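**Q** my questions are about this predicted structure, shown below with the sequence.
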Amino acid sequence: MGLLDWLESSSLAIWVHESPSVWAQPTVMTMHTMGMAVLVGACWVLDLRLLGISRTVPLSAFRWVFRAVAVGLTVNVVTGFLLFMQRATTWGTSLPFLVKMTFVVASVATLVPLRSYVQSGSEQREVAGSARWLAIASIVCWASAITAGRLLAYLVP
């Protein structure tokens, strides 16, 4: 709890949580939402292609997804940490937060083999069964992470 107490009482956490400035809480929340839109949106574009949408488009056309994912993930790690700092002692020990983070890690973990798969096929149009299962897992994990994150407002006092 020492680290969580320290994070929550830091001047940055207090500023984000208590400042009336539009650059504090509102901007951090907006950036977190926008980062999530880029991150999850790009993942789902690839996932849907792997599941058969737009089969005529080669997988090599989806290499851009990983740059978008990197940008969205970076934004969400930074803004997520700023949001976490405000309630570190509460969220750091809450089951809904830990469930959310488990799903985020699982979602990102699906990207590693999918990236190798997409990068290896130049004009490949057919998709292996394992890539389809990873795409399904990705969609389910991202949807679960978003739902768990949203439920934090209702389940954690």
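**A** That came through, no problem. On a predicted model such as this, the values are computed, not experimentally measured, just so you know.
**Q** for the protein, what are the low-confidence residue spans?
**A** Applying pLDDT under 70 to the chain flags residues 121-125.
**Q** how about a cut-off of 80?
**A** Across the chain, the ranges flagged by pLDDT under 80 are 1, 121-126, 157.
**Q** check contacts around residue 131.
**A** By C-beta atoms under 8 Å, 6 or more residues apart in numbering, residue 131 lies in contact with 50, 113-114, 117. All C-beta spots, glycine's among them, are computed from the backbone N, C-alpha and C.
**Q** report the separation between it and residue 80.
**A** 28 Å (C-beta to C-beta, to the nearest Å).
**Q** enumerate every residue touching the spatially closest residue to residue 72 that is not a sequence neighbour.
**A** Excluding the flanking residues, the one nearest residue 72 by C-beta to C-beta, 6 or more residues apart in numbering is residue 39, at 2.9 Å. By C-beta under 8 Å, 6+ apart, the contact list for residue 39 reads 68-69, 72-73, 75-76.
**Q** returning to what we had before: redo the contacts of residue 131 as JSON lines? Include distance to residue 156.
**A** Shown next, in JSON lines, are the contacts of residue 131 (distance: C-beta to C-beta, whole Å):
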{"residue": "50", "distance to residue 156": "34"}
{"residue": "113", "distance to residue 156": "33"}
{"residue": "114", "distance to residue 156": "32"}
{"residue": "117", "distance to residue 156": "37"}
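**Q** between those, which has the most around it?
**A** Most neighbours among the contacts of residue 131, by other C-beta atoms under 10 Å: residue 114, with 25 neighbours.
**Q** which SSE is the residue nearest to residue 72 in?
**A** Applying DSSP states H and E as the criterion places residue 39 in helix 25-50.
**Q** list the buried residues in that helix.
**A** 25, 28, 31-32, 35-36, 38-40, 42-47, 49-50 (16 or more other C-beta atoms under 10 Å).
**Q** cool, stretch 126-145 as well?
**A** For stretch 126-145, by 16+ other C-beta under 10 Å, it's 127, 131, 134-135, 137-139, 141-142, 144-145.
**Q** export the contacts of residue 39 as CSV, with columns for neighbour count.
**A** Below are the contacts of residue 39 laid out as CSV (neighbours: other C-beta atoms under 10 Å):
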residue, neighbour count
68, 16
69, 21
72, 20
73, 21
75, 19
76, 22
